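# predicted model, plus sequence, below.
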Amino acid sequence: MLEFDGLHKSFGDVRVLEGVGFSVAPGSMFGFCGSNGAGKTTTMRIAMGLVRADAGEVRWQGRPLDQATRRRVGYMPEERGLYPKMKVGEQVAYFARLHGLDAAAAARASEDWVERLGLGERRSDPLEKLSLGNQQRVQLAAALVSRPEVLILDEPFSGLDPVGVDSLADALLAQVREGVPVVFSSHQLDLVERLCDSVGILARGRMVATGTVDELRRREAGRLLRVVVPDAAPRWADGLPGTRVVSEQAGDTLLELAPDADDQSVLSAALRTGRVTHFAWQQPTLVELFRGAVAAPSTQEVAA
Amino acid sequence: MTAPTNAGPSSASLVRLVAARELSTRIRDKGFIISSVVILLVIVGAMVFQVLAASGDDETRVGLVGGDASVTAALQAQGEALDVDVTVVEFDDGSAARTAVDEEDVEGALLAGADPELLVRESAGSTLEAVVQGAVGQLAIADQLSAAGITELDVPEVAVTALDEDAAADAQRIVTAIFGVVILYSLLILFGQFIAQGVVEEKSSRVVELLLATMRPWQLLAGKILGLGLLALGQIVAIGVVAVAAALAFDVVDVPGDLISTVAVVIAWFVLGYAWYAAVFAVAASLVSRQEDLATVLMPTSMVLVVAFFIGIQAASDPGGVLARVTSYIPGLSPLVMPVRQAAGEVALWEIALAVVLMVLAIVLVVRLGGRIYSGALLRTGGKIKMREALAAERT
């Protein structure tokens, strides 16, 4: 189990993290979402020892991550970084050696990964000669080459074309199948929804929601009701007990119901306006969950 | 999982890995190769120039018509006095000599006799004329003296006594030391730049974040300084060996022992100077994120190096002076001043020991304090970081 536990961090007066915690099971993928400046990168940097937490710790297999165990973690920083003038193959081998492989094993692993990521012919080119997409692949190779036990990737999909996204997704899923816990942050929520077993949403330095996408949906389901009443007068739903109008456009109405509100009374009110062409609970997408979680402060924070 | 279960590489092996990367990257760098070759060529070239300039072994072929062996002997003796190799070629008659002069087989031809005449193609070179005039004049004086009955002339020989027998050797050592200071200065600047560029490259390419996920800042710093240091040491030793070999081969020096000891002193001071300047350059470079900003932060240290260089040169002419004496203890300046004083031989053992101890203390200080600044500054990008901020931001 990879556990982030009660992380606190302030830079001067700015409190960036206020008790961030979540855990990732081996062989599962964790999507880390949050708006810009929410503290995702800081959380990951704490895990990698690049930033010191004011409180809290990150544990792998029950032991706090330290200099030695971090070598078994594959890391891709948000700001991509490799030596621009170093040859691709040598570069990947160098990072393998820094992670503890001996010279021969590092050379083999480097060759293997460079080949696997489709860069075999570019092995002897300096990194700066490669396209950005290919540089990103080298970055991934540098993170994977030491056969890490844990993967922590900061925005790995940013800047990739759709084909690149697919091949990176495949590579990560392959790691998950081998039992590696993978944590990655992303703004591309559709990707997170598609790939991740569980999701964490970070807002204002706190985890406002964690769980599987389905769990989050269930938690939010039964709250939003979509009613389409083409013949209704505008503002037909105003004042219905226990409801709030989220949006209304030409009779297409989205209502938020309080837990004790009666959906059937909403239906009869709708019928009174004329035809009802649609009446159903809304399945929130991750984007909507994200907006809800990030927008509304404190009132709906969900315990992890 | 097949991941390695050991605790990962030790400090020493991490430092070694970083050092090996620095070394292999730089040794394949075209700029480095070219500069190394140029330095060696300049040294050998300087030696060759010295040999050519010092030798002054002029040569001249003089034709001779008539006259006996005494004329030939007089010409050669005069040549020796004027440091000219004179070859005398005898001709049977004037026309043969004329042809030889015309064909530039000889520089000139002397028609000996009561009215001696010198045949030349266009004009007589001053050396040729002096040789011939001197020889003819001497013969005439000798003839007239013997005609006057004086056969033995007692000319006293001037005895030369050197007041300072070591002066020549001293001068040679000082020249070697100046030469050493120039090389030392060039290499310190060159490798200081290499270190600084390397640090900024890692910051600007952000690779430093990936590196620091596997090692501590001091391991990275130590690896860089050691790796390039080995290369620099290799280069200065190569320069020393080539210079000594060339000096011996071309016979530029008389006392090889002194030369070798001076070269050894320069190399030893280079090691101390390099450790200090490399650390200062690396720490300064860690404060900026772009190569363009590098010149500004390196400026103060570069200035110190330039000042040290000029004091070192000045010390050569006045090794016992107050300036040289004082600066030879000051860390940072001492590596470029003390070797000159040591070469001049006007320095006590305790003075050398004091300078070395102060320098080593300065290195320890820079590595400890600088290491903290380096740690604090490495992960901060954008603009120039103040040293105080870097110290405050130090993470571990």
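Right, received. Where do you want to start? Numbering: from 1, shown residues only, chains lettered A, B, ... in the order given.
# what pLDDT does B:V306 get?
What the model reports for B:V306 is a pLDDT of 93.
# typed the wrong thing, it's B:T2
pLDDT, read off for B:T2, is 41.
# next one: B:L163
B:L163 is given a pLDDT of 63.
# of all the helix elements in chain A, which one is longest?
Assignment by DSSP state H gives helix A:162-177 as the longest helix of chain A.
# got the buried residues for that one?
A:G164, A:V165, A:S167, A:L168, A:A169, A:A171, A:L172, A:Q175, A:V176 (16 or more other C-beta atoms under 10 Å in any protein chain shown). Placement of C-beta: from N, CA and C, glycine included.
# could you list every helix and strand in contact with that helix?
Using 3 or more C-beta pairs under 8 Å, 6 or more residues apart in numbering or on different chains; DSSP states H and E as the contact test, the elements touching helix A:162-177 are strand A:29-34, helix A:132-144, strand A:150-153, strand A:182-185, helix A:189-195.
# at 10 Å what do you get?
Helix A:162-177 is packed against strand A:29-34, helix A:103-116, helix A:132-144, strand A:150-153, strand A:182-185, helix A:189-195, with contacts defined by 3 or more C-beta pairs under 10 Å, 6 or more residues apart in numbering or on different chains; DSSP states H and E.
# pLDDT at the residue in chain B positioned nearest to chain A, what is it?
Proximity to chain A, evaluated over chain B using C-beta to the nearest C-beta, is greatest for B:R206 at 3.1 Å. What the model reports for B:R206 is a pLDDT of 85.
# what about it, neighbour count?
18 (other C-beta atoms under 10 Å in any protein chain shown).
# how near is the nearest residue to it once chain neighbours are set aside to A:R70?
Take B:R206 and drop its neighbours on the chain: the residue closest to it by C-beta to C-beta, 6 or more residues apart in numbering or on different chains is A:G81, 3.1 Å away. As judged by C-beta to C-beta, to the nearest Å, A:G81 and A:R70 stand 17 Å apart.
# next, format the buried residues of helix A:162-177 as JSON lines and append pLDDT.
Conversion of the buried residues of helix A:162-177 to JSON lines gives the following (pLDDT from 0 to 100):
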{"residue": "A:G164", "pLDDT": "84"}
{"residue": "A:V165", "pLDDT": "89"}
{"residue": "A:S167", "pLDDT": "86"}
{"residue": "A:L168", "pLDDT": "89"}
{"residue": "A:A169", "pLDDT": "92"}
{"residue": "A:A171", "pLDDT": "90"}
{"residue": "A:L172", "pLDDT": "92"}
{"residue": "A:Q175", "pLDDT": "92"}
{"residue": "A:V176", "pLDDT": "94"}
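# who's in contact with residue 117?
In the absence of a named chain, chain A is used. Residues counted as contacts of A:L117 (C-beta atoms under 10 Å, 6 or more residues apart in numbering or on different chains) are A:V88, A:V92, A:N134, A:Q136, A:R137, A:V138, A:L140, A:A141, A:L144, A:S167, A:L168, A:A171.
# hmm, I had chain B in mind actually
B:V65, B:G94, B:A109, B:L110, B:L111.
# check B:A77 too.
Here B:A77 is in contact with B:V86, B:V131, B:G134, B:A135, B:Q138 (C-beta under 10 Å, 6+ apart).
# and it, what helix or strand is that in?
helix B:69-81 (DSSP states H and E).
# residues of that helix that come out buried?
Buried, per 16+ other C-beta under 10 Å, within helix B:69-81: B:V71, B:T72, B:A74, B:L75, B:Q76, B:Q78, B:G79.
# the fifth one contacts B:G134, doesn't it?
It stands for B:Q76. No - look at B:Q76 against B:G134 with C-beta atoms under 10 Å: they stay out of range, at 11.3 Å.
# residue in the stretch 51-200 of chain A nearest to chain B?
A:G81 (3.1 Å).
# now name the helix or strand holding B:L391.
helix B:387-392.
# what are the ranges of the helices in the chain?
Looking at chain A here, since you left the chain open. A:40-47, A:67-70, A:88-98, A:103-116, A:132-144, A:162-177, A:189-195, A:213-220, A:263-272, A:286-295.
# if you could check chain B rather than the one you did, that'd help
Counting by DSSP H, the helices of chain B are B:11-27, B:30-55, B:69-81, B:94-102, B:126-147, B:167-204, B:207-212, B:217-249, B:256-285, B:294-317, B:322-327, B:334-344, B:349-378, B:387-392.
# and the stretch 151-300 of chain A, which residues reach chain B?
A:I152, A:D154, A:E178, A:G179, A:V180 (C-beta under 10 Å from any C-beta of the partner chain).
# what's the closest non-adjacent residue to the fourth one?
Spatially, and ignoring its direct neighbours in sequence, A:G179 is nearest to A:G27 (4.5 Å; C-beta to C-beta, 6+ apart).
# neighbours around the one you found, how many?
A:G27 - counted by other C-beta under 10 Å - has 14 other residues nearby.
# tell me who's in contact with it.
A:Q175, A:V176, A:R177, A:E178, A:G179, A:V180, A:P181, A:V182, A:D197.
# from those residues, pick the one nearest B:L40.
Comparing those against B:L40 with C-beta to C-beta picks out A:Q175 as the nearest, at 51.7 Å.
# ok, now which ones touch the closest one?
Contacts of A:Q175 (C-beta under 10 Å, 6+ apart): A:G27, A:M29, A:G74, A:A143, A:L144, A:R147, A:P148, A:V150, A:L151, A:P181, A:V182.
# mind doing that once more with 8 Å?
Counting by C-beta atoms under 8 Å, 6 or more residues apart in numbering or on different chains, A:Q175 makes contact with A:L144, A:L151, A:V182.
# which of these are buried? Put it as a PyMOL command.
To isolate the buried members of the contacts of A:Q175 in PyMOL, using 16+ other C-beta under 10 Å:
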select buried, chain A and resi 144+151+182
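# now, which of the contacts of A:Q175 sits nearest A:F11?
Distances from A:F11 to the contacts of A:Q175, taken by C-beta to C-beta, are shortest for A:L151, at 26.4 Å.
# ok, the closest one - contacts?
A:V73, A:G74, A:Y75, A:A143, A:L144, A:L172, A:Q175, A:V180, A:P181, A:V182, A:V183, A:F184.
# so what pLDDT did the first one get?
If I follow you right, that is A:V73. Taking A:V73 on its own, its pLDDT is 93.
# give the contact list for it.
Taking C-beta under 8 Å, 6+ apart as the test, what A:V73 contacts is A:A47, A:M48, A:W60, A:L65, A:P148, A:E149, A:V150, A:L151, A:I152, B:A213.
# top of those by neighbour count?
A:I152 (30 neighbours).
# that one contacts A:G74, correct?
Yes - judged on C-beta atoms under 8 Å, A:I152 makes contact with A:G74 at a distance of 7.3 Å.
# just the strands in the stretch 201-304 of chain A please.
Ranges of strands in the stretch 201-304 of chain A, per DSSP state E, counting those that start in this stretch, are A:206-211, A:224-228, A:243-249, A:252-257, A:278-281.
# show me what counts as buried in the longest one.
Burial within strand A:243-249, assessed by neighbour count using 16+ other C-beta under 10 Å, is assigned to A:T243, A:E248.
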